[in-house]
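[1] have a look; sequence and predicted model below, questions after that.
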Amino acid sequence: MKLPLDENKLIYMQIAEAIEDAVISGELSEGDQVYSTNQFARLYGINPATAAKGINLLVEEGILFKRRGIGMFVAEGARNMIISKRKKQFIEDHISKLIREAEKLNITKEDLIDIIRNYEGGDK
Amino acid sequence: MMTYAVECKNISKHFGKTTALSHINLNMEKDKIYGLLGRNGAGKSTLLNIVTAQTFPDDGEVKIFGESPYENGRALRNICIVKENGMFLKDVSVTGALDIASSFYNNWDKKLAERLLIEFQLDKRKTYRNLSLGMKSQLGIIVGLASRAPITIFDEPYIGLDAAGRQLFYDVLIEDYMENPRTIILSTHLIDEVSNLLEDVIILNKGEVMLEGNSEDIKNKAFYIRGTKDRVEKHISGKKVLSKEEFGNTMAVAIFDSISDNEIRAMELDDLAISSIPLQQLFIFLTGGKMIKRGDINE
C-alpha cells in the first residue's frame, strides 16, 4: 500500500513534514532512528532521491543527524526546534489570516479573544 | 571528468523535409530515473532509436558510458530498450524469449524474471504471436526489469496493460532500482502515474529540448496563484505567466518562475491562494502550443 501525497505540494516538503509531525506527536522520540530513504521511497512510491531531499532538509536544520553507516536519527532538542518553528509559522500564517478576516467582518480584537475563549473544544 | 550514461551532442535528424530532432544536447547521469516527456511527434522515439543505435542521426554524436554505440556490441549490451510494439521473433515462446534475453544481458536476474511471470500470471508456454497486447507488454516489462541493464529504457511499454498491471510495474521498478541502481528512462504519456518516480525530467517539444532538470526543482517553479484581479496582477508582474483566467473580479494564473519565501508571504497577506502545479498540468501548459517559445522558459 502507498500512502497518499498531495500533488499540489512539493514531495520532499511533505516527507519532511511527515517526519516533523511524527516527532511532535511523540511517535518518534529524540534519539530514535528515522525511516531510511528507501523505506520512505517504498512507503510513498517515490524516487529515493526525492525522499533523501526531504530528510536532508531536516539534517540541515539540525532536527535529524546522521550516523555514518547506520542511518538518520532524531536530534536532541528536535521537538522544541520543530515546535518553535511551527509556532512562528502558525502566527505568520493562521493568526494574521484570522485577524485580517475578523477585521473584514468588523469583529474587534477584544471580541475575537472572547470568541476564542468561549469556543467549545480544543482544550486539552 | 564525469562520464555520463548517455550523452547526446548536437543531434539532428530529418525525415524528408520534416525535422524530427534539432540540435539536441543532453547529458544523462548514471543511476538516475529520467522521464522523457513530449507530445506525439515531439521526437521521443526518434531520440531513443538514436541512443540505442537503431537509427543514425544526420548530425551530432551519441555516447553510451563514453563510447559510441554504433557497431559496438559491448556498449549495446549496456542498454535494454522496451518498446510498445514489442521486440521478439513471433514464433518464440515466452520462455524462449526470456532465454534469448538472458544470454544477451550480463546482469540478467533470472529470479526476478520468474517472480514477475508469477505476479503477472503470464503463461510461459505461450508463443509470442498468441499473446494479447497486454501480455506482450508484460513480457516487455519483465525483460526490461530483469535485464538489469545499466541503461534501461521503457518507451511507452504498457499498451493494453490495466491500472493494476501498471502499478505492479511501478512498484517493482522502484523496489528493484533501490537494490540495483541504474539509469532508467521512462518515455510516457501517463505523466501523472510516473511523476513521483522521476528524479529528472526532460521535455521534448517539436524536436527540441524544451525543459530539463530535477523534477522537484521544476515543480518548485510552477505555481497556481488565485485571488482578486488587481492583487494577483500586482504580485505576478515580471513573472513568466503560462496561463491566465478571469472570472468576475477573480483571477487565476499559472506561472513558471521562482518565488521567494518573502514573495509567498506577501501574497498570502494579500489573500492570494498559492499551490504547486502538478507535472502533468505543467507539461500541458508548456507544450500546449500557444504562447510559449523555448527562449521564454530556459533562462
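    All right, it came through fine. Numbering: from 1, shown residues only, chains lettered A, B, ... in the order given.

[2] and for the residue in chain A that chain B sits nearest to, the neighbour number?
    Chain B sits closest to A:Asn8 of chain A, with a gap of 4.1 Å, by CB to the nearest CB. Bear in mind the C-beta positions are built from the backbone N, C-alpha and C, glycine included. Residues within reach of A:Asn8, counting by other CB atoms under 10 Å in any protein chain shown, total 13.

[3] quick one, grab the pLDDT at it.
    A:Asn8 is assigned 83 on the pLDDT scale.

[4] quick one: residues contacting it.
    Neighbour list for A:Asn8: B:Tyr224, B:Ser275, B:Ser276, B:Pro278 [criterion: CB atoms under 8 Å, 6 or more residues apart in numbering or on different chains].

[5] spell out which parts of chain A neighbour chain B.
    A:5, A:7-12, A:38, A:41-42, A:44-50, A:53, A:92-93, A:96-97, A:100 (CB under 8 Å from any CB of the partner chain).

[6] can you map out the helices along chain A?
    Taking DSSP state H, the helices of chain A run over residues A:11-25, A:37-44, A:48-60, A:78-90, A:96-104, A:109-118.

[7] redo those as a markdown table? Include mean neighbour count, distance to B:Val253 and mean pLDDT.
    Shown next, in a markdown table, are these (neighbours: other CB atoms under 10 Å in any protein chain shown; distance: least, CB to CB, whole Å; pLDDT from 0 to 100):
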| stretch | mean neighbour count | distance to B:Val253 | mean pLDDT |
| --- | --- | --- | --- |
| helix A:11-25 | 19 | 22 | 95 |
| helix A:37-44 | 19 | 30 | 93 |
| helix A:48-60 | 20 | 27 | 96 |
| helix A:78-90 | 14 | 25 | 94 |
| helix A:96-104 | 13 | 21 | 87 |
| helix A:109-118 | 10 | 33 | 91 |
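
[8] and the chain, what are its domain boundaries?
    I'll assume chain A. A:11-77, A:79-118 (automatic domain parsing).

[9] other chain: chain B
    B:6-213, B:220-297.

[10] quick one: which of those has the weakest pLDDT on average?
    domain B:220-297 (a mean of 88).

[11] run the chain-centre distance for that one.
    Here the centre of domain B:220-297 is set off from its chain's centre by 25 Å, with CA atoms, centre = their mean, to the nearest Å.

[12] which residue of chain A lies farthest from its centroid?
    For chain A, the C-alpha farthest from the mean C-alpha position belongs to A:Asn106; by CA atoms, centre = their mean, that distance is 32.7 Å.

[13] for that one, phi and psi?
    Here is the backbone geometry of A:Asn106 (degrees, to the nearest 10): phi 60, psi 30.

[14] what about B:Asp230, how many residues close to it?
    B:Asp230: 10 neighbours (other CB under 10 Å).

[15] so for the longest helix along chain B, what gets flagged as buried?
    The longest helix of chain B (DSSP H) is helix B:163-179. Of the residues in helix B:163-179, B:Gly165, B:Arg166, B:Leu168, B:Phe169, B:Tyr170, B:Val172, B:Leu173, B:Ile174, B:Glu175, B:Asp176, B:Tyr177, B:Met178 count as buried by neighbour count, 16 or more other CB atoms under 10 Å in any protein chain shown.

[16] residues contacting it, please?
    Under CB under 8 Å, 6+ apart, the answer for helix B:163-179 is A:38, A:41-42, A:45-48, B:33, B:112, B:116, B:119-120, B:134, B:137-138, B:141, B:145, B:148, B:157-158, B:161, B:184, B:190, B:193-194, B:197.

[17] and what of stretch B:112-129?
    With CB under 8 Å, 6+ apart as the test, stretch B:112-129 has contacts from B:86, B:88-95, B:97-98, B:102, B:135-136, B:138-139, B:141-143, B:145-146, B:148, B:165, B:168, B:172, B:176.

[18] measure that stretch end to end?
    24 Å (CA to CA, to the nearest Å).

[19] show me the contacts for residue 66.
    The chain I'm using is chain A. Applying CB under 8 Å, 6+ apart, we find A:Lys66 in contact with A:Val59, A:Met72, A:Phe73.

[20] oops, I was thinking of chain B
    Per CB under 8 Å, 6+ apart, neighbours of B:Gly66: B:Thr3, B:Tyr4, B:Glu7.
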